[in-house]
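Novice: predicted model follows, preceded by the sequence.
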Amino acid sequence: METARLGLFRPKGSHAEHKVSFSELFFDLVFVYAITQSAHLLIAHFTPYGVLQGMLVILAVWWVWVFTTWVTNWLDPETVPVRLMLFALMLLGMGLSISIPEAFGKHGLLFAVCYVTMQIGRTVFICMCSRKHRPDLHRGFIRMTVWFAVSGVFWLIGAFQDDTLRTLLWGLAIAIEYLSASVSFAVPGLGRSDSKEWDISGAHMAERCGLLLIIALGESLLVTGNTFAGTQWDSATITAFVSAFVTTVAMWWLYFSLSAERASDVISHSDNSGHLGRVIYTYVHLLLIIAIILVAVADEFVLAHPHGHTSIGTMVAMIGGTALYLIANILFKWLVFNGHPLSHYIGLGLLAILCVAAFHVPPVAVAVATTLILVLVAIQETVVVMRKNSH
């Protein structure tokens, strides 16, 4: 009787409400592949225009993943229909990922069709599931479907245009989708969603986003390892490889060791978990993913050219990606704990100084300096947290 009353939704107040299922983890692997493909797109086209196109792809990949995460926060992936829905999205996600290197070339239509089908198909699915069992959510997903249908027009039209016009139309499409969430999916005649209706499981959202981050960090290590294996080993490349590894560990430490689990508890007990979850896990964690991608791109550049002059591209990827990671952590800790970690601000100041020095040292030295800054930030923040916990 309880199953019939809930339909395909997770039972509230039980362990199943917070559990991340194996099917969700299986689904995430496709999007780690998409993140890796996005990094390769940036590596191949790291110019201002190429970075713009790469960021459009990353924004799209993140948006389809995070909206699916919201859906499985309510729907139970242990039920067969929801599991099959996830597997269908995985197939489309594979098509999306495969098309990324040529998304602005010959595979533009494949990218657009897979993306639009995923966004609208998944949203229509939960509309059907929620009509009887969760009418409050049902109204919200109807509004969401309208927004995705409007943006979908620009995705599909853009797929038939040349490179420049496609970039413009796809930029407009992704802007519409990101705007939709910020205005609570307001639709004339249908009103707007109330964030208090989005009663999420903070523990589930935290674990899903955390697992994606940890898989993305792990994937960046594997890519760096493969690149290092194909280089001529000398003191510079070995130093660059060790530096990349330590950087990844420091990034893990700053997020997982110091704040991730405590943030889950705060959001779970918040009076407006939907609003807090939307800001933190939909937007702030996007910045964390972009930062991880940029640092992975920088590691590739340094391993390929550890000596000589440090290019602007390497500086932007390495120093900019590291700075973005610190900024995202500052936002995360400010929104969740209402705190301002001094160590992170010190790290940003040191990175600003490094921007000037980087013009006069080789790429491997910039990589080592950036790594040391992250390690210092992690050490200082760990000491602060340990002192607070001891009182």
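Specialist: Noted; the coordinates are in hand. Residues are numbered from 1 along each chain as shown.
Novice: contacts, neighbours, all on C-alpha from now
Specialist: Noted.
Novice: low-confidence ranges in the stretch 151-300 of the chain?
Specialist: The stretch 151-300 of the chain contains residues with pLDDT under 70 at 194-202, 258-275, 277.
Novice: show me where it has helices.
Specialist: Taking DSSP state H, counting those that start in this stretch as the criterion, the stretch 151-300 of the chain carries its helices at 163-182, 202-229, 235-252, 261-268, 273-277, 285-304.
Novice: run through the residues that contact D299.
Specialist: T224, A240, F241, A244, M318, A367 (C-alpha atoms under 8 Å, 6 or more residues apart in numbering).
Novice: show me how this protein divides into domains.
Specialist: Taking automatic domain parsing as the criterion, the chain consists of the domains 2-197, 202-390.
Novice: chain center to the shortest one: distance?
Specialist: Counting by C-alpha atoms, centre = their mean, to the nearest Å, domain 202-390 is centred 13 Å from the centre of its parent chain.
Novice: also the first one?
Specialist: Here the centre of domain 2-197 is set off from its chain's centre by 12 Å, with C-alpha atoms, centre = their mean.
Novice: T248 touches E219, doesn't it?
Specialist: No: checked against C-alpha atoms under 8 Å, the pair T248 and E219 is beyond contact range at 10.4 Å.
Novice: return the set of buried residues in the strand or helix carrying T370.
Specialist: In this structure, T370 sits in helix 363-390 according to DSSP states H and E. Within helix 363-390, the residues that qualify as buried by neighbour count (16 or more other C-alpha atoms under 10 Å) are 363-378, 380-382.
Novice: for F104, grab phi and psi.
Specialist: Backbone torsions for F104, taken as degrees, to the nearest 10, come to phi -100, psi 20.
Novice: so what's it up against?
Specialist: F104 makes contact with Q53, D163, R166, T167 under the criterion C-alpha under 8 Å, 6+ apart.
Novice: likewise for I58?
Specialist: I35, S38, I290.
Novice: per-residue pLDDT of it, please?
Specialist: Here the pLDDT value assigned to I58 is 96.
Novice: going forward can the numbers begin at 411, since that is how I track them
Specialist: Shifting the count to begin at 411 puts that one at I468.
Novice: now it: which helix or strand?
Specialist: With elements taken from DSSP H and E, the one containing I468 is helix 458-484.
Novice: any idea how far the residue nearest to A650 when sequence neighbours are not counted is from V694?
Specialist: Taking C-alpha to C-alpha, 6 or more residues apart in numbering, and ignoring the residues beside it in sequence, A650 has V774 as its nearest neighbour in space, at 5.7 Å. Between V774 and V694 the distance is 30 Å, computed by C-alpha to C-alpha, to the nearest Å.
Novice: next: L745.
Specialist: The value you get for L745 to V694, if C-alpha to C-alpha is used, is 10 Å.
Novice: higher neighbour count, those two?
Specialist: Neighbours were tallied for L745 and for V694 using other C-alpha atoms under 10 Å; the higher tally belongs to V694 (19 against 16).
Novice: for that one, what are its contacts?
Specialist: Residues near V694 by C-alpha under 8 Å, 6+ apart: A738, L741, F742.
Novice: so the first one, which of the three states?
Specialist: Local secondary structure at A738 is given as helix here, using DSSP: H, G, I helix; E, B strand; the rest coil.
Novice: surely it is in contact with L697?
Specialist: Yes: taking C-alpha under 8 Å as the definition, A738 is a contact partner of L697 at 5.9 Å.
Novice: roughly how far does the closest residue to F437 other than its chain neighbours sit from W480?
Specialist: Across the structure, with C-alpha to C-alpha, 6+ apart as the measure, the residue nearest F437 apart from its sequence neighbours is M500 (5.9 Å). As defined by C-alpha to C-alpha, M500 lies at a distance of 16 Å from W480.
Novice: re the thing from before, compare T658 and E629 (neighbour count), which wins?
Specialist: Neighbours were counted for T658 and for E629 using other C-alpha under 10 Å; T658 has more, 21 against 17.
Novice: thinking again about what came up before, quickly compare the helices of the stretch 561-710 of the chain and say which is most buried.
Specialist: Most buried of these by mean neighbour count (mean count of other C-alpha atoms under 10 Å) is helix 695-714; its value is a mean of 24.
Novice: list the contacts of the helix or strand that that one is followed by.
Specialist: Read in the C-terminal direction, the helix or strand following helix 695-714 is helix 722-725, with elements assigned using DSSP H and E. Taking contacts as C-alpha under 8 Å, 6+ apart, the residues outside helix 722-725 that touch it are F456, T457, A708, F711, V712, C765, A768, P773, V776.
Novice: many thanks, we can stop here.
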